[in-house]
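A.B. asks: structure for this input, please:
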Amino acid sequence: MDYQTIRLEIADDIATITLARPDVMNALNTQMRAELLHAIQVAGREARVAVMTGEGRAFCSGQDLGDRATAANIDLERVLRDEYEPMLRAIFDCPVPTIAAVNGAAAGAGANLALAADVVIATESAVFLQAFTRIGLLPDAGGTYWLPRQMGFAKAMGAALFAEPISARQASDWGMIWEAVPDIDFAGRWHARAAQLAHGPTVAYRGVKDALRSTWSNGLEEQLALEAHLQGLAGKTRDFKEGVVAFTEKRPPNFEGR
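C.D. replies: Numbers count the residues shown, from 1 in each chain. Next up is the predicted model:
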């Protein structure tokens with residue numbers, strides 16, 4: 001695909017997807033959603049970790065409402081089902097770990113795009129905003145799914161109703177994101193985290209994602225059975241054998257993702 005609204009770079013097993021509409025704070029339009037969907041699918045096949053970040057001063061300002069006439073007449077249910085859902089499912093189901101490197105404001109659907117990733121690392125000057133009620137809507141793009149699971153019901157309800165900015169530090173303290181990093185250290189931190197995952201045991205990471213996400217719907221017996229099955233798969237990998245040998249030899253493992 002010839003990308004017009006994003007950039008996709010793959011190096012050292014890291015796929016970096018940059019939202020590249022800085023003039024509109026990387027607002028999501030139909031083309032960007034299609035390109036992001038495609039890029040995530042490519043990353044899942046060709047890399048061992050996928051990173052989403054933004055160009056300029058924002059991560060993503062959410063749905064592009066710049067054309068007021070179009071925005072007022074948009075069929076939101078169709079857009080959410082046909083455009084957002086495939087994109088969000090691709091991120092959620094990506095076979096490799098995903099990181100949202102939130103470099104600035106993440107608002108509306110942009111905030112929930114970030115929360116769809118496995119790990120969110122934000123610069124301390126970033127803010128998260130569930131802006132929907134400001135224009136007479138409720139959180140979408142997975143917001144009603146991610147928020148109560150990641151920050152608790154009470155905080156999620158307040159964030160959705162009041163539509164007030166949540167600082168990156170608050171988001172970290174509340175369990176909404178993994179960490180908030182001083183601005184000066186931000187780029188180095190997310191690069192280092194991405195490199196750590198890109199050189200880790202990819203099959204085990206996939207099992208971690210599958211197991212933790214299943215815990216919300218499984219009872220204890222089902223979860224124990226799933227753990228046993230996924231652990232059996234991980235135990236057959238070359239990486240497990242390498243991990244044991246490296247442990248006994250007191251050296252760092254050389255994982256190959258298989």
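A.B. asks: so after the helix or strand of the chain with the lowest mean pLDDT, what's the next helix or strand?
C.D. replies: Between all helices and strands in the chain, the lowest mean by mean pLDDT, DSSP states H and E belongs to helix 68-72, at a mean of 57. Where DSSP states H and E defines the elements, the next helix or strand beyond helix 68-72 is helix 76-79.
A.B. asks: and that following helix, how far out from the chain middle?
C.D. replies: On the basis of C-alpha atoms, centre = their mean, to the nearest Å, helix 76-79 is displaced by 22 Å from the centre of the chain it belongs to.
A.B. asks: likewise stretch 234-254?
C.D. replies: 28 Å.
A.B. asks: quick one: end-to-end distance for that stretch.
C.D. replies: Terminal residues of stretch 234-254 lie 16 Å apart, using C-alpha to C-alpha, to the nearest Å.
A.B. asks: okay, buried residues for that stretch please.
C.D. replies: Judged by neighbour count (16 or more other C-beta atoms under 10 Å), stretch 234-254 contains these buried residues: 234, 237, 239, 240, 242, 243, 253. Quick note: C-beta positions are derived from backbone N, CA and C, even for glycine.
A.B. asks: kindly list the main-chain dihedrals of the first one?
C.D. replies: Think residue 234. Main-chain torsions, residue 234, degrees, to the nearest 10: phi -60, psi -40.
A.B. asks: tell me the spacing between it and residue 209.
C.D. replies: 12 Å (C-beta to C-beta, to the nearest Å).
A.B. asks: kindly report the same for the fourth one.
C.D. replies: In this structure, residue 240 lies at 17 Å from residue 209, with C-beta to C-beta as the measure.
A.B. asks: next one: the third one
C.D. replies: The span separating residue 239 from residue 209 equals 16 Å under the rule C-beta to C-beta.
A.B. asks: check the second one too.
C.D. replies: When C-beta to C-beta is the yardstick, residue 237 and residue 209 sit 16 Å from each other.
A.B. asks: same question for the fifth one.
C.D. replies: Using C-beta to C-beta, one obtains 21 Å as the distance from residue 242 to residue 209.
A.B. asks: what about the nearest residue to residue 19 once chain neighbours are set aside, which SS state?
C.D. replies: Nearest in space to residue 19, with sequence neighbours left out and distances taken as C-beta to C-beta, 6 or more residues apart in numbering, is residue 26 at 3.9 Å. Secondary structure assignment for residue 26 (DSSP: H, G, I helix; E, B strand; the rest coil): coil.
A.B. asks: got the domain ranges for the protein?
C.D. replies: Domain segmentation of the chain under automatic domain parsing yields 6-198, 202-248.
A.B. asks: what about residue 219, how many residues close to it?
C.D. replies: Using other C-beta atoms under 10 Å, residue 219 has 9 neighbouring residues.
A.B. asks: report the contact partners of residue 64.
C.D. replies: Listed by C-beta atoms under 8 Å, 6 or more residues apart in numbering, the contact partners of residue 64 are 24, 27, 28, 29, 71.
A.B. asks: just the buried ones from those?
C.D. replies: 24, 27, 28, 29.
A.B. asks: closest one of those residues to residue 43?
C.D. replies: residue 28 (18.0 Å; C-beta to C-beta).
A.B. asks: quick one on the thing from earlier: now the two most distant members of the buried ones among the contacts of residue 64.
C.D. replies: Once C-beta to C-beta is applied, those give 24 and 28 as the farthest pair, at 9.5 Å.
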